[in-house]
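**Q** My questions concern the predicted model and sequence given below.
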Number of protein chains: 2
Amino acid sequence: MTTASLYMVDNCLLARISKKRFLEKANFNISGDFSSISDCILAMEKNQADVILIDSDLLDTNVYKEIELLKRINPKVKIIITSSFLNDFNPSNALCDGVSAYVLKEKEVIDYKEIIENVVHGEFHMDIETATEVFDNTTAEKEENFKNIPEKDNFESSLTQRELEVLKLMIDGKTNSQIAQEIIISTNTAKAHVGNILTKLSVTDRVQAVVKAVRANIFEEKCF
Amino acid sequence: MTTASLYMVDNCLLARISKKRFLEKANFNISGDFSSISDCILAMEKNQADVILIDSDLLDTNVYKEIELLKRINPKVKIIITSSFLNDFNPSNALCDGVSAYVLKEKEVIDYKEIIENVVHGEFHMDIETATEVFDNTTAEKEENFKNIPEKDNFESSLTQRELEVLKLMIDGKTNSQIAQEIIISTNTAKAHVGNILTKLSVTDRVQAVVKAVRANIFEEKCF
DNA sequence: TATGATAATAGACTTTCGGCTAAAATGATA
DNA sequence: TATCATTTTAGCCGAAAGTCTATTATCATA
């Protein structure tokens, strides 16, 4: 297995948790996960990762400038971008500026393991569909002036191990007292954990929480 | 579009609802949906359908005998079987006894539309994987003696239109009073609807209901 | 060691939920 | 018309949920 250290950027907390769990099962070393590239840059300035997995649906110039910053901090860092759209993808920004892989999220399951290992070994990866579409609209618009790094909009701290346990039981339809029995804590404690989960997931009740979690395919083997 | 009348058998209520919504969007005419083949037989004796979509994970001799009954009632009826496993599939029972299609449920999305239309036009459909596997273990064990048709185990009546509306709002994380506001009914009525939904889905609270519904991909465009 | 951040724990209080029973109004169908 | 399913309303009660505040435990770092 790869011993490379991985950073992960995804503005969706549950997506981070899900991917992290998945990759850690595959023996990858996730050194950090962030809700914004800005946060990732701050972390990179202290401890450098070998591979950075960036999920971003909006691939504007700001993103590429932030990626450029990442490459400046560690020119050897491998960047893997996953995105739902092709719209803003610009090969003159991505390919030339050192993105190692560009993966279009689709219905199919992404084989992160293979992509990461290939990238670590110096290969470039791009979806076939993506590649064909991309090499048509090569509208290169290089801008050298930097813009300010956007503030992180909605801060989502990560779920603790205990909270993940509780969330799993919530999805299983367990009540607070059932959860308490299962992991041997008081009902009040279970309620407190649930409350913290609701806050972190930015929802108001457990129904919304479990729907979000189930839709994010957390606790599942596959990784969207 | 096909004007053929369709019956549907699936012991999972939510799967029936989901498939029904999907097929009706595709302009198919679903004349009835049943939780057991026995119920379907009873219906066939009154009003005959042209196509019967049977989902059954356990394909034992009983199932094939029930299918034989269906074919007796209407020899021209087209039978489509969907199943998760290959285990009990027996070509000598299925192919010979007039099953028009056999579809192995997998990760991929099943194109019911195409299959049904082909079947109506007299074609036979079988998954490639299924077909190759099947034509190896041809253990023909024909038994002519009938067994009694199994009782329907857990009766699940279908959700009404209003209940489907409410379920959708439950999935959206709405509370009873919010649901009441949204569809202009009293909170008590909303509670009554929710209560009925819980009973019909065989769950004890709304959390379990929404998890079941989300996992069944109800209200989604795709049909597992 | 001290300190500060994070996590886990818990009790008090208010609101919401779910089960139960009952019943009226609507609408389709035999 | 009679009948049946659906939709609607209501109140009561105990259980569960959610908010708030607060204490203890753990762990890393100054």
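**A** Received the coordinates, thanks.
**Q** who's in contact with the helix or strand residue A:40 falls within?
**A** Assigning secondary structure by DSSP states H and E places residue A:40 in helix A:37-46. Outside helix A:37-46, the residues that touch it by C-beta atoms under 8 Å, 6 or more residues apart in numbering or on different chains are A:7, A:9, A:32, A:34, A:49, A:52, A:54, A:56, A:63, A:66-67, A:69-70, A:73-74, A:77, A:149-152. (Glycine included, C-beta is placed from N, CA and C.)
**Q** So is that helix next to DNA strand C?
**A** No. Applying C-beta under 7 Å from any atom of the strand, one finds helix A:37-46 out of contact with DNA strand C, separated by at least 13.0 Å.
**Q** What residues of that helix count as buried?
**A** Buried residues in helix A:37-46, defined by neighbour count with 16 or more other C-beta atoms under 10 Å in any protein chain shown: A:37, A:38, A:39, A:40, A:41, A:43, A:44.
**Q** how about JSON lines for these, with pLDDT and distance to residue B:182 added?
**A** Converted to JSON lines, those look like this (pLDDT from 0 to 100; distance: C-beta to C-beta, whole Å):
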{"residue": "A:37", "pLDDT": "87", "distance to residue B:182": "38"}
{"residue": "A:38", "pLDDT": "85", "distance to residue B:182": "38"}
{"residue": "A:39", "pLDDT": "84", "distance to residue B:182": "38"}
{"residue": "A:40", "pLDDT": "87", "distance to residue B:182": "40"}
{"residue": "A:41", "pLDDT": "87", "distance to residue B:182": "43"}
{"residue": "A:43", "pLDDT": "85", "distance to residue B:182": "43"}
{"residue": "A:44", "pLDDT": "85", "distance to residue B:182": "46"}
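**Q** Closest one of those to DNA strand D?
**A** DNA strand D has its nearest neighbour among the buried residues of helix A:37-46 in residue A:43, at 13.2 Å by C-beta to the nearest atom of the strand.
**Q** can you tell me the helix or strand for the spatially closest residue to residue A:18 that is not a sequence neighbour?
**A** Once flanking residues are discounted, residue A:18 sits nearest to residue A:218: 4.6 Å by C-beta to C-beta, 6 or more residues apart in numbering or on different chains. Applying DSSP H and E as the criterion places residue A:218 outside every helix and strand.
**Q** now swap in residue A:52 and tell me
**A** strand A:51-55.
**Q** Burial check on the spatially closest residue to residue A:171 that is not a sequence neighbour, number of neighbours?
**A** Once flanking residues are discounted, residue A:171 sits nearest to residue A:210: 4.9 Å by C-beta to C-beta, 6+ apart. Applying other C-beta atoms under 10 Å in any protein chain shown, we find 26 other residues in the vicinity of residue A:210.
**Q** so what does the helix or strand hosting residue A:210 touch, helix or strand wise?
**A** In the assignment (DSSP H and E), residue A:210 maps to helix A:206-215. If contacts are counted by 3 or more C-beta pairs under 8 Å, 6 or more residues apart in numbering or on different chains; DSSP states H and E, helix A:206-215 sits against helix A:161-171, helix A:187-200, helix B:206-215.
**Q** between these, which one is nearest to DNA strand D?
**A** DNA strand D lies closest, by C-beta to the nearest atom of the strand, to one member of these: helix A:187-200, at 4.0 Å.
**Q** tell me the angle of that closest one relative to helix A:206-215?
**A** Helix A:187-200 and helix A:206-215 are oriented at 60 degrees to each other (axes from the mean of the first three to the mean of the last three C-alpha atoms, to 10 degrees).
**Q** mind listing what's buried in helix A:187-200?
**A** Those would be A:189, A:190, A:191, A:193, A:194, A:196, A:197, A:198, A:200, for helix A:187-200 by 16+ other C-beta under 10 Å.
**Q** Report whether it contacts chain B.
**A** No. Between helix A:187-200 and chain B, judged by C-beta under 8 Å from any C-beta of the partner chain, nothing touches; the nearest distance is 10.9 Å.
**Q** who's in contact with that helix?
**A** Contacts for helix A:187-200 (C-beta under 8 Å, 6+ apart): A:13, A:156-159, A:162-163, A:166-167, A:170, A:176-177, A:179-180, A:183, A:204-206, A:208-209.
**Q** near DNA strand D, which of those show up?
**A** Restricting those to those within reach of DNA strand D (C-beta under 7 Å from any atom of the strand) leaves A:176, A:177, A:204, A:205, A:206.
**Q** can you tell me how far the residue nearest to residue A:76 when sequence neighbours are not counted sits from chain B?
**A** Of all residues not flanking residue A:76 in the chain, residue A:50 sits nearest, at 7.5 Å (C-beta to C-beta, 6+ apart). Between residue A:50 and chain B the distance is 31 Å, computed by C-beta to the nearest C-beta, to the nearest Å.
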